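>>> show me how the following folds:
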Amino acid sequence: MKILVVEDEQKVANFLQKGLKEEQFVVDVAYDGLEGESLALENEYDLILLDVMLPGKDGVAILENLRSRKIEVPIIMLTAKDMVVDKLKGFEAGCDDYIPKPFSFEELLARVRAVLRRHSSSGSNVLNFADLTLDLISHKVIRGGKEIELTAKEYSLMEYLMRNPNRVLTRTMITQHVWDYNFDSFTNVIDVYVNYLRNKVDRGFPQKLIHTVRGVGYILKEGDKK
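Got it, this is the predicted structure:
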């Protein structure tokens, strides 16, 4: 899943980016309000961590603008302000949760997962497709009772496919969700990683799940047994 962190304190932003990447999230970072708002408008994210006090444009104003444009991405506000009135402003503007600083990474991660779970169609920590299972907490991927070892990027790609079964995912869509915004989409890296994933997920199983839609992208579906 892909998260945008909008935080002007570079040490805090880097700390969040590092911790979330270790938890298999794809993370973009913006250090001021204008850049953060621009990224939020131009890209699709599964969640945004948004500081309130930002240079350029404050977090509440960004939140109000996103909601006025019908962008319903889950947003957790981060702020040093712990006054009830400030929290009410955030919730009234449309945030999903509010975490006062300082906070532990474990607490933030629990809040992130809770918000994502509430917004998930399944509301579950486990994704299932055919005989394939992906645990969002332990990051274990199992097919037919066999655990499959994936790298962080392979896991992110597998998760995106499993969140969108029976749907054609273009290379542009995969780029936006699985790689950060600095990724060069004109390389063949996506095709290489899909092949890596096929070798681990489909090899040795009679039914192939990851299919190519020629000239478009890829789809996770139950195909004919081979």
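
>>> can I assume Pro100 is in contact with Ile76?
No: taking C-beta atoms under 8 Å as the definition, Pro100 is not a contact partner of Ile76, at 11.5 Å. Bear in mind the C-beta positions are built from the backbone N, C-alpha and C, glycine included.

>>> between the two, which has more neighbouring residues?
The neighbour count for Pro100 versus Ile76, taken as other C-beta atoms under 10 Å, is higher for Ile76 (20 against 15).

>>> find the nearest non-adjacent residue to the more buried one, please.
What sits nearest to Ile76 in space, not counting adjacent residues and going by C-beta to C-beta, 6 or more residues apart in numbering, is Asp97, at 4.5 Å.

>>> list the contacts of the one you found.
Counting by C-beta atoms under 8 Å, 6 or more residues apart in numbering, Asp97 touches Ile76, Met77, Arg111, Ala114, Val115.

>>> please report how far the last one lies from Leu63.
Right, the one you point to is Val115. 14 Å (C-beta to C-beta, to the nearest Å).

>>> where do the helices of the protein begin and end?
Using DSSP state H, the helices found in the chain span residues 10-22, 33-42, 59-68, 84-93, 105-119, 152-163, 171-178, 189-201.

>>> walk me through the domains of this protein.
When the chain is parsed with automatic domain parsing, its domains come out as 2-119, 126-220.
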